[in-house]
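please work out how this folds:
(chains A and B)
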Number of protein chains: 2
Amino acid sequence: MPETDIGPYRPPLRLYVADALAPSAIIRLGSDQAHYLQHVMRRKPGDAVALFNGRDGEWSATIEKFGKTSAEARVGERLRPQATAPDLWLVFAPVKRARLDFMVQKAVELGVSAIKPVLTRFTVVERVKETRLIANAIEAAEQCGRLDVPEVAEPQPLMRLLDAWPAGRRLYFCDEAGDAQPLAAALKADAPQPAAMLIGPEGGFHPDERAALRALPAVTPVTLGPRILRADTAAIAALAIWQSLAGDWRST
Amino acid sequence: MPETDIGPYRPPLRLYVADALAPSAIIRLGSDQAHYLQHVMRRKPGDAVALFNGRDGEWSATIEKFGKTSAEARVGERLRPQATAPDLWLVFAPVKRARLDFMVQKAVELGVSAIKPVLTRFTVVERVKETRLIANAIEAAEQCGRLDVPEVAEPQPLMRLLDAWPAGRRLYFCDEAGDAQPLAAALKADAPQPAAMLIGPEGGFHPDERAALRALPAVTPVTLGPRILRADTAAIAALAIWQSLAGDWRST
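Below you'll find the predicted structure:
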């Protein structure tokens, strides 16, 4: 048997669309997706793609035609029903561009329901291109097999977010100060949903912010081990541990 | 009280050295470290640094003088004794350069004892600059507060590593095929040390490799949730979960 029969696994091409998905629906794809399909992935009319919109599950579809700045696909059958995803927010102080892109991509792969940048006293990066974050989130969702794209919120001051904190959502505050319990211990004792992870800026939180956080009943301070983690490492680690002990990694 | 009194946390400057550390020892720093201290971090003779060598703990030291391509530091007192770190290897198929740098940095922060690149049937990146990986590992160790630098092994074929697999070291094989138990469930049932995490290439393992892995008594196949993770996300997630349930993140 020639070895070329077995190649590496290539995930199917998946595209996120806004329109409703139903049998035989014609879905118009915008210029970015049309360009990607035709010129990057070399797809032709008649080729298959999968579509999802965050509401109707995942559907097979066939490329009908390419226009100059658009394309059309015809919806086939439903491949997967829409499923309820864990409700976990990532709340974080933005980091520099490459790491920020990376953090958003990883958070999407790790199944967060919302990405909420917050500005803290020691946040160095104050400008966040939301459109870039959203584009990153969509691309990551397409590639990791999710059926939805998490909400990407506008950056807002941490204190404003805390003032309007929704009742019933537990906020795990990853506190570098280190006198809190380990995240896994907190989740073993009690792992409620909805939840949120809060990751501070590289320089940590201002003492006033730490005091405000620790005074909130919704907040559980936690630690992530004895070493100093960069913000992106801390975010990925905390989300993975939550999914393992409280989210959808618990069963196969 | 002026707000400028409280600034963001800045970890102390730490340098990894090869020489033995003892009171009043004079440590010669090479050109890279001398350049970093003098020109990047603007340190002057008389300024403090911390030194560690992976054997003698962490020591305070004072910069004595800068030469043209070197510097000297005089060792003061011991700040922390050498501690035993968890014995966890990261075994992974190399990814492209930026992600590889990133993966090494994260693995060091997450406390691995060794980084072992392996070549698999579907490994695309076969050239790995070991000196670059080692430099990355040292820098990450200096920044994250570790007292040692993990071993960075030469890339070797996966099958050769498996043939010589050390007795008693449990190998968690993060298998994308998805019929294995979740990593957290495996660790809750039994969390032996020493251990190793195996992360495959982006295209997954060849069926022959999967069969060989699953036939080894040292191997426990595990899954990391329902979404497709990139190799670097999978590595960080798996290491963080292991540290949380079997390593040194279990107590504060």
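
now do the contacts for residue A:58.
Neighbouring residues of residue A:58 by C-beta atoms under 8 Å, 6 or more residues apart in numbering or on different chains: A:14, A:50, A:51, A:52, A:78, A:79, A:80, A:147. The C-beta positions use only the backbone N, C-alpha and C, and glycine is treated the same way.

ignore the last one, residue A:208
Contacts of residue A:208 (C-beta under 8 Å, 6+ apart): residue A:121.

same deal with residue A:43?
Per C-beta under 8 Å, 6+ apart, neighbours of residue A:43: A:13, A:37, A:49, A:63.

can you check residue A:60 too?
A:48, A:50, A:75, A:76, A:77, A:78, A:79 are the contacts of residue A:60 under C-beta under 8 Å, 6+ apart.

from residue B:18, how far off is the fourth one?
When distance is defined by C-beta to C-beta, to the nearest Å, residue A:76 is 63 Å away from residue B:18.

looking at those two, which is more packed in?
The neighbour count for residue A:76 versus residue B:18, taken as other C-beta atoms under 10 Å in any protein chain shown, is higher for residue A:76 (17 against 10).

which SS class is that one?
strand (DSSP: H, G, I helix; E, B strand; the rest coil).

nearest residue to it in space, please, no chain neighbours.
residue A:60 (3.9 Å; C-beta to C-beta, 6 or more residues apart in numbering or on different chains).

over to residue A:218?
Closest residue in space to residue A:218, ignoring its immediate chain neighbours: residue A:171 at 5.1 Å, by C-beta to C-beta, 6+ apart.

what would the helix or strand harbouring that neighbour look like as CSV? C-alpha coordinates only.
Using DSSP states H and E, residue A:171 falls within strand A:170-174. Coordinates of each C-alpha in strand A:170-174 appear next as CSV, following Å, rounded to 0.1, in the frame of the first residue of the first chain:
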residue,chain,number,x,y,z
ARG,A,170,-18.6,33.7,39.3
LEU,A,171,-15.5,35.7,38.5
TYR,A,172,-12.2,33.8,39.0
PHE,A,173,-9.6,36.5,39.7
CYS,A,174,-6.1,35.1,38.8
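
name every strand pairing with that strand and say which way it goes.
strand A:195-199 (parallel), strand A:219-223 (parallel) (DSSP bridges).

for residue B:228, find the nearest of the ones you listed.
The closest of those to residue B:228 is strand A:195-199. By C-beta to C-beta, the value is 21.4 Å.

residues of the following helix or strand past the closest one that come out buried?
Sequence order places helix A:207-215 as the next helix or strand after strand A:195-199, per DSSP H and E. Buried residues in helix A:207-215, counting neighbours by 16 or more other C-beta atoms under 10 Å in any protein chain shown, are found at A:209, A:210, A:212, A:213.

next one: stretch A:67-81
Those would be A:71, A:72, A:73, A:75, A:76, for stretch A:67-81 by 16+ other C-beta under 10 Å.

just stretch A:115-128 next, same as before
Result for stretch A:115-128 [16+ other C-beta under 10 Å]: buried residues A:115, A:116, A:117, A:118, A:119, A:120, A:121, A:122, A:123, A:125, A:128.

so what's the fifth one bridging to?
Per DSSP bridges, residues listed as beta-bridge partners of residue A:119: residue A:157.

before we move on, what about the first one?
Assessed by DSSP bridges, residue A:115 has beta-bridge partners residue A:90, residue A:152.

need the contact list for it.
By C-beta under 8 Å, 6+ apart, the contact list for residue A:115 reads A:89, A:90, A:92, A:104, A:107, A:108, A:133, A:137, A:150, A:151, A:152, A:153.

from these, keep the buried residues only.
A:89, A:90, A:92, A:104, A:107, A:108, A:133, A:137, A:150, A:152, A:153.

please enumerate the strands of the stretch 51-200 of chain A.
A:58-66, A:71-80, A:88-92, A:114-119, A:151-152, A:156-157, A:170-174, A:181-182, A:195-199 (DSSP state E, counting those that start in this stretch).

reformat those strands as CSV; add distance to residue A:143.
CSV is the format used below for these (distance: least, C-beta to C-beta, whole Å):
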stretch, distance to residue A:143
strand A:58-66, 13
strand A:71-80, 16
strand A:88-92, 18
strand A:114-119, 16
strand A:151-152, 16
strand A:156-157, 28
strand A:170-174, 26
strand A:181-182, 32
strand A:195-199, 22
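
for residue B:67, which of those strands is the nearest?
That would be strand A:195-199 among these, by C-beta to C-beta, at 41.6 Å.

tell me who's in contact with the residue in the stretch 151-252 of chain A that chain B sits nearest to.
Chain B sits closest to residue A:203 of the stretch 151-252 of chain A, with a gap of 2.2 Å, by C-beta to the nearest C-beta. Contact analysis of residue A:203 by C-beta under 8 Å, 6+ apart lists A:122, A:124, B:7, B:8, B:9, B:10.

got it, and residue A:38?
Residue A:38 touches A:66, A:71, counting by C-beta under 8 Å, 6+ apart.

nearest residue to the middle of chain A?
Chain A has residue A:108 as the residue nearest its centroid, 2.2 Å off, counting by C-alpha atoms, centre = their mean.

look up the closest residue to the residue of the stretch 151-252 of chain A closest to chain B, ignoring the ones flanking it.
Going by C-beta to C-beta, 6+ apart, residue A:203 has residue B:8 as its nearest residue, at 2.2 Å.

count of residues packed around the one you found?
16.

same check on residue A:164?
Neighbours around residue A:164, by other C-beta under 10 Å: 7.

how close does it get to residue A:190?
Taking C-beta to C-beta, one finds residue A:164 at 24 Å from residue A:190.

equivalent analysis for residue A:219, please.
For residue A:219, the distance to residue A:190 - C-beta to C-beta - is 13 Å.

next one: residue A:161
For residue A:161 relative to residue A:190 (C-beta to C-beta), the value is 23 Å.

how about residue A:176?
23 Å.

between these two, which has more neighbouring residues?
residue A:176 (18 against 9).

tell me who's in contact with the nearest residue to the more buried one once chain neighbours are set aside.
In space, and not counting its chain neighbours, residue A:176 is closest to residue A:204: 5.1 Å by C-beta to C-beta, 6+ apart. Listed by C-beta under 8 Å, 6+ apart, the contact partners of residue A:204 are A:122, A:176, A:177, B:8, B:9.

how about residue A:216?
So residue A:216 contacts A:162, A:165, A:171 (C-beta under 8 Å, 6+ apart).

which of these tops the neighbour count?
residue A:171 leads these on contacts (other C-beta under 10 Å) with 22 neighbours.

where does pLDDT dip in chain A?
A:1-5, A:11, A:126, A:178, A:252 (pLDDT under 70).

and the stretch 1-150 of chain A, which residues reach chain B?
A:6-11, A:102, A:105-106, A:109-111, A:122, A:143-146 (C-beta under 8 Å from any C-beta of the partner chain).
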